[in-house]
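A.B. asks: Model the following, please.
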Amino acid sequence: MKNVKKIVVVMLLFIAATGFVNAQSKVAHIDVNQLLQQMPEMIAAQAELKKLQETYRADLQGSMTEFQNKATLYRNESTAKTQEENEKRAIELQEIERNIQGAEQAAMQEMQKKQQELFAPISDKAKAAIEKVAAAQGFDYVIDASQGGGLIVAKGKDLLPEVKQELGF
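C.D. replies: Residues are numbered from 1 along each chain as shown. Just a heads-up that it's a prediction; the model follows:
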């Protein structure tokens, strides 16, 4: 009777140990930032954003130059103008400055909107490729190994080469 109990206990422990081993998940890691930076679509999107940024910068710089020239002109002519005219000119300069600040904020918002518009499909494409490669290789979890991604140990398989191959670069 004691032998039967021992055999049952041993079998239960064996089954539990086997279940534990089978329950372990396969984990891999990938540096998503590195992947995104190397994708041709991302390089093209960054070039487009840079071009747009330069356009906004040139427009704002032109407005600032115009403002500074007008401010200098008004300052030089202030002694020849009445107090009332100088006050109107000061108000005009303040309005121009507010308009420039508004244009600056609008440009920043447009840049952020354009960045989201360009980067979202690229990020989705990378995520789909990561999921496809991970599923094909039987990985249950893929951890982002980017700096600040919360990864403590990176001993798992790095999927970057396979995902790049899946994306065709």
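A.B. asks: how far away is residue 112 from residue 119?
C.D. replies: 11 Å (CB to CB, to the nearest Å). In this view, the C-beta of every residue, glycine as well, is placed from N, C-alpha and C.
A.B. asks: Between these two, point out the one with more neighbours.
C.D. replies: More neighbours surround residue 119 than the other of residue 112 and residue 119, with 16 against 10 (other CB atoms under 10 Å).
A.B. asks: Contact partners for the nearest residue to the more buried one once chain neighbours are set aside?
C.D. replies: Leaving aside its sequence neighbours, residue 119 sits nearest to residue 45 (CB to CB, 6 or more residues apart in numbering; 6.3 Å). Applying CB atoms under 8 Å, 6 or more residues apart in numbering, we find residue 45 in contact with 118-119, 122.
A.B. asks: Just the element for residue 45, please.
C.D. replies: Residue 45 is part of helix 40-77, with elements assigned from DSSP states H and E.
A.B. asks: What is the distance between whichever helix or strand comes after that helix and the centre of its chain?
C.D. replies: Proceeding N to C from helix 40-77, the next assigned helix or strand is helix 83-137, under DSSP H and E. Helix 83-137 has its C-alpha centroid displaced from the chain centroid by 14 Å (CA atoms, centre = their mean, to the nearest Å).
A.B. asks: what do you get for stretch 46-55?
C.D. replies: With CA atoms, centre = their mean as the basis, stretch 46-55 stands 16 Å off its chain's centre.
A.B. asks: low pLDDT regions in the protein?
C.D. replies: 1-24, 149-155 (pLDDT under 70).
A.B. asks: 50 - rerun?
C.D. replies: 8, 12, 17-23, 150-154 (pLDDT under 50).
A.B. asks: Residue 113 versus the residue nearest to the spatial centre of it, what's the distance?
C.D. replies: In the chain, the C-alpha nearest the mean C-alpha coordinate belongs to residue 119, at 7.5 Å (CA atoms, centre = their mean). The gap separating residue 119 from residue 113 is 11 Å, by CB to CB.
A.B. asks: In three-state terms, label residue 146 for me.
C.D. replies: The three-state assignment at residue 146 reads coil, by DSSP: H, G, I helix; E, B strand; the rest coil.
A.B. asks: I'd say it and residue 32 touch.
C.D. replies: Yes: here residue 146 lies in contact with residue 32, judged by CB atoms under 8 Å, at a distance of 5.4 Å.
A.B. asks: Can you pull the residues that touch both of those two?
C.D. replies: Between them, residue 146 and residue 32 share no contacting residue under CB under 8 Å, 6+ apart.
A.B. asks: okay, those two: which has more neighbours?
C.D. replies: Neighbour count, other CB under 10 Å: between residue 146 and residue 32, residue 32 has more, with 20 against 16.
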